[in-house]
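S.K.: Using only what follows, build the 3D model:
(one chain, ligands or ions: 1)
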Amino acid sequence: GAAPAAPDVDVVVVGAGFAGLYMLYRLRGLGLRARAFEQASGVGGTWWWNRYPGARCDVESMQYSYGFSDELQQEWKWSERFASQPEILRYANHVADRLDLRRDISFSTRVQQASWDETTDLWTVRTDKGDVVRARHVVMATGCLSTARLPEIEGIDSFGGKTFHTGQWPHEKVDFTGQRVGVIGTGSSAIQAIPVIAEQAGHLTVFQRTANFSIPSHNAPMDEPYEQEWKSDYPARRAKARAQHTGILRNLNDKGALEVSEEERRAEYERRWAVGGTAFMVSFNDLVTNEEANRTAAEFVRSKIREIVKDARTAELLAPKDHPIGTKRICADTGYYETFNRSNVSLVDLRSNPIARIVPEGVQLADGTVHEFDAIVFATGFDAMTGTLTSMDIRGVGGETLAEKWAAGPRTYLGLCSAGFPNLFMVTGPGSPSVLSNMIVSIEQHVDWITQCLAEMQKKSLTRIEAEREAEDKWVEHNNEVAHRTLYPRAGSWYMGANVKGKPRVFMPYIGGVGTYRKICEEVAAESYRGFRLGEPVAA
Ligand code: NA7
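M.R.: Here you go, the predicted structure:
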């Protein structure tokens, strides 16, 4: 046969967030030629885009960072218990510089198309800047919450003031001083932004459709002894974290909520509330699996909201009743509920009076009321987990697009690969723990797995790897099965695709746990990549 065509690079990496950066680093270690494309003008992914006021990670800083290099984790100093967006972005830049990664990244460049050529085992990748690159492999390091979503509200373009989306926040400083500001949405982003915007704005109006559960984060400056405790034991702690259900080391309770007396239960919730953060959800071991147990936690948080919020009607509106606690992502806040006690903040309940349209002056409700604004902030979320992948024109075997293949919901083997799309890897793809975990821990695990796989292929001169359809079907089924053992599918969440009109309702992340999942991936690799078809070695 004809000699196999030579690729321009071995691997194209799409994205230069935490996944893309680490992937580049590891590919260099293999001696492979890689090119990364990043649509933003800088590194950092999520933390580059989500610059809204109050943006902060809900995983503690000592754990939300790379663990692959002891030097890196020893030299970096976090200033707070939970790092803010600017600090995490500085960290991403520090890593990019420290590892000299920028020279392999094309910034402000969006990958538009990737098409597979069956005859050469190569991908042709095209960008909006006119690049055409042939690569043996493509790694999608495109993030899970990277396609911002504006709601379908009539007249959305007619507004006369300024509009913002939390996930596409401008880089110039935004000043709301004295302004009339409306925030639409009450998810994690809104819950972080609202207290900060309220301090600036003349008046802030919050439009709430679904109330959300939030736990105070009790963020604070980094405690030196705590930092030292971590740094002196980092490798062991990281190893432990990797085996946890969420990839986060935290204070688990091995008791069920109904095994203890009401008094003891209340005391445990109080303790957790005082410590703060999302670890509240592991107050007991059955909060996301047992409805009755879940109700005790939900009721506790509702009672806290009623204590904090002075106006009884507002408190009742803020107390979530539509979904079990934790089945929509649990939020962590700094003064969220307290903000509604301010005289310059009001809450509008969209359940009783929905948004009819946006008009030049502001937001018009169904009953005709118009709320006038200088600025509207859309905190309306993302086309999560699949949106970024399916909006690219990715063409696999026989020209089938990934969007076509995933029309009824994402189908992957291990969240790493999809049958019919050889040599295409996803970092934290749907079907992997991803958004249910410490993202950096999951990113490192995927990148390490991909690296090892590429190393084996390199050693054997293999040019093709593809997930088998049968293995994929089984994985999708397993993914569904474990999800439905929990209360998660009860909520109309973005985990379920419920926030995007017409998106199939499928529970997308793998809920079996980071530790369990890691073992499965390791076994698959150890058993000569069970469930993958590896191509024949190419004749020299
Ligand atoms: P989320 O969690 O998807 O929240 C979006 C919010 O916007 C949520 O309260 C929605 O209400 C609301 N929303 C969406 N569309 C509308 C319309 N049309 N009208 C009124 N309200 C609307 O996004 P976030 O950015 O807060 O968080 C995403 C994740 O990023 C977060 O979990 C962290 O992991 C990081 P709904 O609940 O649909 O009634």
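S.K.: Can you pull out the low-pLDDT segments for this protein?
M.R.: Counting by pLDDT under 70, the ranges of the chain that qualify are 1-4, 537-540.
S.K.: Go through it and flag its longest strand.
M.R.: strand 132-140 (DSSP state E).
S.K.: Other residues contacting the next helix or strand after that one?
M.R.: Scanning forward in sequence from strand 132-140 by DSSP states H and E, the next helix or strand is strand 162-165. Applying CB atoms under 8 Å, 6 or more residues apart in numbering, the contact partners of strand 162-165 are Tyr52, Ala148, Leu150, Pro170, Val174, Asp374, Ala375, Ile376, Val377, Phe378, Ala379, Thr380. C-beta coordinates here come from the backbone N, C-alpha and C atoms, glycine included.
S.K.: Now do the phi/psi pair for Ile194.
M.R.: For Ile194, the backbone dihedrals are phi -60, psi -50 (criterion: degrees, to the nearest 10).
S.K.: Next, count neighbours for it.
M.R.: Applying other CB atoms under 10 Å, we find 28 residues neighbouring Ile194.
S.K.: tell me the contacts of it?
M.R.: So Ile194 contacts Gly54, Val183, Thr186, Leu204, Val206, Tyr336, Thr339, Val345 (CB under 8 Å, 6+ apart).
S.K.: what's the closest of those residues to Leu30?
M.R.: Gly54 (40.0 Å; CB to CB).
S.K.: The closest one touches Ser188, doesn't it?
M.R.: No. Using CB atoms under 8 Å, Gly54 makes no contact with Ser188, being 10.4 Å away.
S.K.: How about the residues of the stretch 101-250 of the chain by the ligand?
M.R.: The stretch 101-250 of the chain comes close to the ligand at residues 145, 151, 153, 166, 184-190, 207, 209-210, as judged by CB under 6 Å from any ligand atom.
S.K.: can you count the residues close to the residue in the stretch 251-400 of the chain positioned nearest to the ligand?
M.R.: Closest contact between the stretch 251-400 of the chain and the ligand, by CB to the nearest ligand atom, is at Gly381 (2.5 Å). Around Gly381 sit 24 other residues, with neighbours defined as other CB under 10 Å.
S.K.: check contacts around it.
M.R.: Going by CB under 8 Å, 6+ apart, Gly381 touches Leu145, Ala148, Arg149, Gly167, Gly185, Gly187, Ser189, Trp494, Asn499.
S.K.: Need phi/psi at it.
M.R.: The phi/psi pair for Gly381 (degrees, to the nearest 10) is phi 80, psi -160.
S.K.: So which bits of the lengthiest helix in the chain are buried?
M.R.: For the chain, the helix that runs over the most residues, judged by DSSP state H, is helix 439-459. Burial within helix 439-459, assessed by neighbour count using 16 or more other CB atoms under 10 Å, is assigned to 439-451, 453-454, 457.
S.K.: Next, the angle from that helix to strand 132-140.
M.R.: 130 degrees (axes from the mean of the first three to the mean of the last three CA atoms, to 10 degrees).
S.K.: mind starting the numbering at 34 from now?
M.R.: Fine by me, first position is 34 from now on; the one you just mentioned is helix 472-492.
S.K.: chain center to helix 472-492: distance?
M.R.: 19 Å (CA atoms, centre = their mean, to the nearest Å).
S.K.: Format the CA atom coordinates belonging to that helix as PDB.
M.R.: What follows is helix 472-492 as a C-alpha-only set of coordinates in PDB (Å, rounded to 0.1, in the frame of the first residue of the first chain):
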ATOM      1  CA  MET A 472     -11.700  18.700  38.600                       C
ATOM      2  CA  ILE A 473      -7.900  18.900  38.900                       C
ATOM      3  CA  VAL A 474      -7.700  15.500  40.400                       C
ATOM      4  CA  SER A 475      -9.900  14.100  37.600                       C
ATOM      5  CA  ILE A 476      -7.900  16.000  35.000                       C
ATOM      6  CA  GLU A 477      -4.600  14.600  36.200                       C
ATOM      7  CA  GLN A 478      -6.000  11.100  36.200                       C
ATOM      8  CA  HIS A 479      -7.300  11.300  32.600                       C
ATOM      9  CA  VAL A 480      -4.200  13.000  31.300                       C
ATOM     10  CA  ASP A 481      -2.000  10.400  33.000                       C
ATOM     11  CA  TRP A 482      -4.100   7.600  31.500                       C
ATOM     12  CA  ILE A 483      -4.000   9.100  28.000                       C
ATOM     13  CA  THR A 484      -0.200   9.600  28.400                       C
ATOM     14  CA  GLN A 485       0.300   6.000  29.300                       C
ATOM     15  CA  CYS A 486      -1.900   4.900  26.400                       C
ATOM     16  CA  LEU A 487       0.000   7.000  23.900                       C
ATOM     17  CA  ALA A 488       3.300   5.700  25.300                       C
ATOM     18  CA  GLU A 489       2.300   2.100  24.700                       C
ATOM     19  CA  MET A 490       1.100   2.900  21.200                       C
ATOM     20  CA  GLN A 491       4.400   4.700  20.500                       C
ATOM     21  CA  LYS A 492       6.300   1.700  21.800                       C
END
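S.K.: Show me what secondary structure element comes after it.
M.R.: strand 498-500.
S.K.: And for Val460, the neighbour number?
M.R.: For Val460, the neighbour count with other CB under 10 Å is 32.
S.K.: One more: the one 3 residues further on?
M.R.: The number of residues packed near Pro463 is 28, by other CB under 10 Å.
S.K.: contacting residues for it?
M.R.: Residues in contact with Pro463 (CB under 8 Å, 6+ apart) are Met418, Thr419, Pro443, Thr445, Gly448, Met541, Pro542.
S.K.: again, 10 Å this time
M.R.: By CB atoms under 10 Å, 6 or more residues apart in numbering, Pro463 lies in contact with 177, 417-419, 422, 439, 442-445, 448, 451, 509, 512, 528, 530, 539-543.
S.K.: Setting aside sequence neighbours, what's the nearest residue to it?
M.R.: In space, and not counting its chain neighbours, Pro463 is closest to Pro443: 3.8 Å by CB to CB, 6 or more residues apart in numbering.
S.K.: Quick check: of the buried residues of helix 472-492, which lies closest to Glu501?
M.R.: Cys486 (14.8 Å).
S.K.: Look up how far the ligand lies from that closest one.
M.R.: As judged by CB to the nearest ligand atom, to the nearest Å, Cys486 and the ligand stand 28 Å apart.
S.K.: for Thr549, same thing?
M.R.: Taken as CB to the nearest ligand atom, the span from Thr549 to the ligand is 21 Å.
S.K.: quick one: that residue is in a helix?
M.R.: Yes. Under DSSP: H, G, I helix; E, B strand; the rest coil, Thr549 sits within a helix.
S.K.: Could you work out the end-to-end span of stretch 146-162 for me?
M.R.: 12 Å (CA to CA, to the nearest Å).
S.K.: which parts of that stretch are buried?
M.R.: Buried residues in stretch 146-162 (16+ other CB under 10 Å): Gln146, Ala147, Trp149, Thr153, Asp154, Leu155, Trp156, Thr157, Val158, Thr160.
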